[in-house]
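Novice: build me a model from this:
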Amino acid sequence: MTEVIDCAYSIEGNGEPLVLIHGIGAARDAWRFITPHLHEHFTVVTYDLRGHGESPLSKPGFKLDDLVDDLERLRDHLRLERMHLAGHSLGGMIGPRYALRFPERVFSLGLYSTAAGRTEDDSAKVWTVVKAMEQKGIEKVLGTLTNRWFTDEFINRNPDIVERRLKQVMATDPDIFMNVFRIYAGTEMMPWLHKVTHPALIITGELDGGCNPRLNMLIDEAMSSSKLIVLKGLKHSILVEAGETVARHQIEFVHG
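Specialist: Here you go, the predicted structure:
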């Protein structure tokens, strides 16, 4: 275990706490297309993972459970008795892992564009990306990541948003970026996911290559109180391309 980090955060809205956990090389602004739709229904907390956004840097070598410890530090700081959790990509692994360790602190979970039940081939593909970044550098591989994240139509219509995302990745400390990417590549939730019994909303894009519907169906099958939604025509960046839709599903899942 490494030292626990005090992460930078924002809080806004009214209602039960909903803590949103972003993914690799992002920051709490990843939720900017979603949070305006949530503020009437939840007290929304967004935060920057260690080494991301405005949060302090951390020595490389931290693990998934260290990111869970950071979240618990934030919960304790904000004095939240219980909270809803929703995470995207790597954040969708942090949330369930937190719920496994601190079940009494969680109302419900949102697993957005994440993965479990990877085959050997699935894992090999993820590690191929990791090795390519290690050998060629992160910047040289970003083009392939862009096409994994966004649909072609969105890229053509919103070059400014795509460019902002790429700059955000390049502004992330490379050791931190590779550290969290390795956590994402090496985490397999299936051995323990069935122990997480909280209500869970599972959302992914129909065309998401790494977090595809097949893997999310396995997540849905492993969890006892879950609902799976596949967003047609979308890839990995559902927070950006379908923010209002994701928010609507989150509200409906919790409030009916």
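
Novice: show me which helix or strand of this protein is least confident by mean pLDDT.
Specialist: helix 138-149 (a mean of 91; mean pLDDT, DSSP states H and E).

Novice: phi, psi for G61 please.
Specialist: phi 110, psi 0 (degrees, to the nearest 10).

Novice: so what's the residue count around it?
Specialist: G61 has 10 neighbours, counted by other C-beta atoms under 10 Å. Just so you know, the C-beta spots here come from the backbone N, C-alpha and C atoms, and that holds for glycine as well.

Novice: tell me if I'm right that it and N179 touch.
Specialist: Yes. Counting by C-beta atoms under 8 Å, G61 touches N179, with 7.0 Å between them.

Novice: quick one: mean pLDDT over stretch 230-238.
Specialist: When pLDDT is averaged over stretch 230-238, the result is 98.

Novice: look at V4 and give its secondary structure.
Specialist: Following DSSP: H, G, I helix; E, B strand; the rest coil, V4 is assigned to coil.

Novice: helix or strand: which one has V129?
Specialist: If you go by DSSP states H and E, V129 is part of helix 120-136.

Novice: how near is the residue nearest the centre of the chain to K136?
Specialist: Geometric centre of the chain, nearest residue: H88, 2.2 Å, by C-alpha atoms, centre = their mean. With distances taken as C-beta to C-beta, to the nearest Å, H88 is found 26 Å from K136.

Novice: and stretch 42-55, what's buried?
Specialist: 42-53, 55 (16 or more other C-beta atoms under 10 Å).

Novice: what of stretch 173-181?
Specialist: Buried positions in stretch 173-181, judged by neighbour count with 16+ other C-beta under 10 Å: I176, F177, M178, N179, V180, F181.

Novice: CA-only coordinates of it in PDB, if you can.
Specialist: Written as PDB, here are the backbone C-alpha positions of stretch 173-181 (Å, rounded to 0.1, in the frame of the first residue of the first chain):
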ATOM      1  CA  ASP A 173       2.300  12.600 -15.700                       C
ATOM      2  CA  PRO A 174       3.300   9.700 -18.000                       C
ATOM      3  CA  ASP A 175       4.300   7.500 -15.100                       C
ATOM      4  CA  ILE A 176       0.900   8.000 -13.500                       C
ATOM      5  CA  PHE A 177      -0.900   7.400 -16.800                       C
ATOM      6  CA  MET A 178       0.900   4.200 -17.400                       C
ATOM      7  CA  ASN A 179       0.300   3.100 -13.800                       C
ATOM      8  CA  VAL A 180      -3.400   3.500 -14.000                       C
ATOM      9  CA  PHE A 181      -3.500   1.900 -17.500                       C
END
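
Novice: who touches it?
Specialist: 24-25, 49-52, 57-58, 60-62, 90, 129-130, 133-134, 138, 169 (C-beta atoms under 8 Å, 6 or more residues apart in numbering).
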